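Asks: Make a model of this:
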Amino acid sequence: MKRPPISDHSKLVPLSFAQRFYIYAIHGYVAEVTYTAVWDVVFSVNHKLHGITSVWCLFIYGISMLVLEKLYFAMRNSVPLAIRAIVYMLWIFAWEFSSGFLLRLFDACPWDYSMFKGNVMGLITMEYAPMWYIGGIFTEKLIISYSRQLYWGPYFEKGTVKLRLDKKK
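Replies: Numbering: from 1, shown residues only. All right, here's what the predicted structure looks like:
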């Protein structure tokens with residue numbers, strides 16, 4: 001879909017760090033709730049689709065995806081996608097372990113993988129490696145790339161540029 005031309009590009013402002021954090025945090029939160037709901041359907045045959053998570057996950061996902069964003073920009077022109085996905089997966093494991101370890105110190109860690117064979121202290125599980133590998137690619141290709149294309153600025157109405165409401169008349 002082609003965008004209508006904008007006469008003054010200087011009015012477009014990329015999303016701030018805080019705005020991208022918000023998008024990443026909400027995306028991770030919704031993905032977590034959806035994943036746990038689907039897990040419950042598949043393994044417990046509970047069709048109510050009750051997904052669960054913790055408010056801590058907003059911060060965990062928001063920070064993690066901002067780091068993934070930095071990794072993406074550092075590697076995008078020199079490292080093949082398959083290798084970038086491994087780096088993303090390793091970051092996700094490191095972040096999940098360290099944030100879980102810190103939360104566990106306060107009895108606040110919302111996950112426990114101790115029932116999995118490939119778990120490390122119940123904080124991460126190697127069984128999730130394929131999911132984190134694919135999740136890293138998904139995050140790069142869809143979440144990061146699209147959020148970096150979002151801008152604040154004029155909006156379009158019937159082919160004309162209208163100024164934002166916060167601009168004085």
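
Asks: quick one: residue 134 from residue 18, how far?
Replies: 28 Å (CB to CB, to the nearest Å). The C-beta positions use only the backbone N, C-alpha and C, and glycine is treated the same way.

Asks: Looking at the two, which one has more neighbours?
Replies: Comparing residue 134 with residue 18 by other CB atoms under 10 Å, the one with more neighbours is residue 134, at 13 against 9.

Asks: Which helix or strand contains the residue nearest to that one when sequence neighbours are not counted?
Replies: Across the structure, with CB to CB, 6 or more residues apart in numbering as the measure, the residue nearest residue 134 apart from its sequence neighbours is residue 85 (7.7 Å). Taking DSSP states H and E as the criterion, the element that holds residue 85 is helix 81-105.

Asks: and if you look at residue 74?
Replies: Short version, using DSSP H and E: residue 74 is in helix 56-75.

Asks: what angle separates that helix from helix 81-105?
Replies: Computed by axes from the mean of the first three to the mean of the last three CA atoms, to 10 degrees, the angle separating helix 56-75 from helix 81-105 equals 150 degrees.

Asks: Other residues contacting helix 56-75?
Replies: With CB atoms under 8 Å, 6 or more residues apart in numbering as the contact definition, helix 56-75 has outside contacts at 17, 20-22, 24-29, 31-32, 83-84, 87-88, 91-92, 95-96, 99, 103, 108, 110, 136, 139-140, 143-144, 148.

Asks: Spell out for me which residue occupies the centre of the chain.
Replies: Residue closest to the average C-alpha location in the chain (CA atoms, centre = their mean): residue 24, at 4.2 Å.

Asks: Contacts only, for that one.
Replies: Taking CB under 8 Å, 6+ apart as the contact definition, residue 24 lies against 61, 62, 64, 65, 66, 69, 143, 147.

Asks: Mind pulling up the pLDDT for the closest residue to residue 49 other than its chain neighbours?
Replies: Counting by CB to CB, 6+ apart, residue 37 is the residue found nearest to residue 49 once chain neighbours are left out, at 4.3 Å. At residue 37 the predicted local distance difference test score is 93.
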